[in-house]
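Engineer: what follows is a protein structure lacking sequence information:
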């Protein structure tokens, strides 16, 4: 929801277009996650809320960088679990490597 709200505010999109913005962001997120392997979600034990992160923000053990971890703790009171790096998809097509 935060991502959709920020996108609408940044692009000055009227609230009546929320469903269009949501669909566009979800479609892009699917491609970035499942096809290109560039993003993933992080979660916290016992919470439904998740955050989308760039996989380059994760170390080899699936932990966020200190700077990103600090921001999540201070701004969102969120303490993410490590990501299982073996579950991240690899880019499927040559053009996705860029």
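Structural biologist: Nice, thanks for sending it over. Treat the numbers as computed from the prediction; the structure is a model and nothing was measured. Numbering: from 1, shown residues only.
Engineer: off-centre distance for the helix or strand harbouring residue 24?
Structural biologist: Using DSSP states H and E, residue 24 sits within helix 18-30. Mean-position distance between helix 18-30 and its chain equals 13 Å (Cα atoms, centre = their mean, to the nearest Å).
Engineer: what residue in the chain is the furthest from its centre?
Structural biologist: residue 16 (24.4 Å; Cα atoms, centre = their mean).
Engineer: a helix runs through it, doesn't it?
Structural biologist: Yes - counting by DSSP: H, G, I helix; E, B strand; the rest coil, residue 16 is located in a helix.
Engineer: let me see the contact set for it.
Structural biologist: By Cβ atoms under 8 Å, 6 or more residues apart in numbering, the contact set of residue 16 is empty. C-beta here means a position set from N, CA and C on the backbone, and glycine is covered the same way.
Engineer: now do residue 63
Structural biologist: 69, 82, 83.
Engineer: same question for residue 15.
Structural biologist: Contacts for residue 15 were tallied using Cβ under 8 Å, 6+ apart; they are residue 8.
Engineer: on the pLDDT front, check it for me.
Structural biologist: pLDDT, residue 15: 92.
Engineer: and what of residue 56?
Structural biologist: With respect to pLDDT, residue 56 scores 93.
Engineer: just to revisit the earlier point, out of the contacts of residue 63, which is most surrounded?
Structural biologist: Greatest neighbour count in those, by other Cβ atoms under 10 Å, goes to residue 83: 21 neighbours.
Engineer: ok, it touching residue 60?
Structural biologist: No - at 10.8 Å, residue 83 does not count as touching residue 60 under the criterion of Cβ atoms under 8 Å.
Engineer: from the contacts of residue 63, which is closest to residue 41?
Structural biologist: Nearest to residue 41, judged by Cβ to Cβ, of these is residue 83 at 8.3 Å.
Engineer: check which helix or strand the residue nearest the centre of the chain maps to.
Structural biologist: Closest to where the C-alpha atoms of the chain average out (Cα atoms, centre = their mean) is residue 52, at 1.5 Å. Assigned by DSSP H and E, residue 52 belongs to strand 50-54.
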